[in-house]
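Visitor: Mind looking at a prediction? Sequence and model below.
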There are 2 protein chains.
Amino acid sequence: MENKYQNSAKVFKAFCDENRLILLEMLQTGEKCACDLLENINIGQSTLSHHMKILCESGIVKSRRDGKWTYYSFSETGVDYAKQLLDALTISSKKNMNRKCCE
Amino acid sequence: MENKYQNSAKVFKAFCDENRLILLEMLQTGEKCACDLLENINIGQSTLSHHMKILCESGIVKSRRDGKWTYYSFSETGVDYAKQLLDALTISSKKNMNRKCCE
DNA sequence: GCAACATATCGAATAAAATAGATGTGTGGT
DNA sequence: ACCACACATCTATTTTATTCGATATGTTGC
């Protein structure tokens, strides 16, 4: 089983590759099929498929098959989860501040 | 110069490594010096230093030197920026939805 | 069933990131 | 000035990620 750190890391992997950010930006104007995405980014088809898989596994994107096409769009629940996670990871209680080191 | 995608990717690199998430969690209880962090994570000193550099470069963490010690803590402005960025990256206008592929 | 198409998966090459040990740099104490 | 300590940087190695070409899978139309 995956630990919580690995799981959280996976969510943010969606946002730490340049091509995936370009793909996410394309999805901002709504659902797109792989062929649409491929037309607007300078990577090969198998590379696109690989990135879409990572985006789906992060939970940020969901896919839907319709005939021969696969449509991708943001998963609202995945996006909300990522935002909650970011909040949780960056909460800092102010106790123990200004404490000397190694004491 | 760095493009906006590379810059955004750099911010989220802070959150996509297991050890960095462990380090961020330690910072939640307040500022810590490198030696405190090192005591509570199973990595070498040079590796810790490497990760702290990435966290600082992402803007999420700031460092402060006091005598021989370097203290690390969350940068509130960096955290806020990351949250804004996540919002911006995941905004989806609903226009163009339900449009057929390749048309 | 077969051909054409859309996408996924596989396998291999390359690139990038993580890690550790050795060494360098700056600080404090004597 | 010297030594000890805290941390950063350098170098090499290992691990992981990205990429592409080839092939496999699943769908549609004939």
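Guide: Cool, got the structure.
Visitor: and the residue nearest to A:Leu55 when sequence neighbours are not counted, what pLDDT?
Guide: In this structure, A:Leu55 finds its nearest non-sequential neighbour in A:Val61, 4.0 Å apart by Cβ to Cβ, 6 or more residues apart in numbering or on different chains. Bear in mind the C-beta positions are built from the backbone N, C-alpha and C, glycine included. For A:Val61, the pLDDT comes out at 98.
Visitor: Now A:Val61. Its backbone dihedrals?
Guide: When read as degrees, to the nearest 10, the backbone of A:Val61 gives phi -120, psi 150.
Visitor: okay but it is in contact with A:Tyr72, surely?
Guide: Yes - applying Cβ atoms under 8 Å, one finds A:Val61 in contact with A:Tyr72, separated by 5.5 Å.
Visitor: which residues do the two both contact?
Guide: A:Leu27, A:Met52, A:Leu55 (Cβ atoms under 8 Å, 6 or more residues apart in numbering or on different chains).
Visitor: mind listing the strands for chain A?
Guide: A:32-33, A:61-66, A:69-74 (DSSP state E).
Visitor: so which of these is the most packed in?
Guide: strand A:32-33 (a mean of 22; mean count of other Cβ atoms under 10 Å in any protein chain shown).
Visitor: Low-confidence ranges, chain A, go.
Guide: A:1, A:94-103 (pLDDT under 70).
Visitor: Closest to the centroid, which residue in it?
Guide: A:Ala14 (3.0 Å; Cα atoms, centre = their mean).
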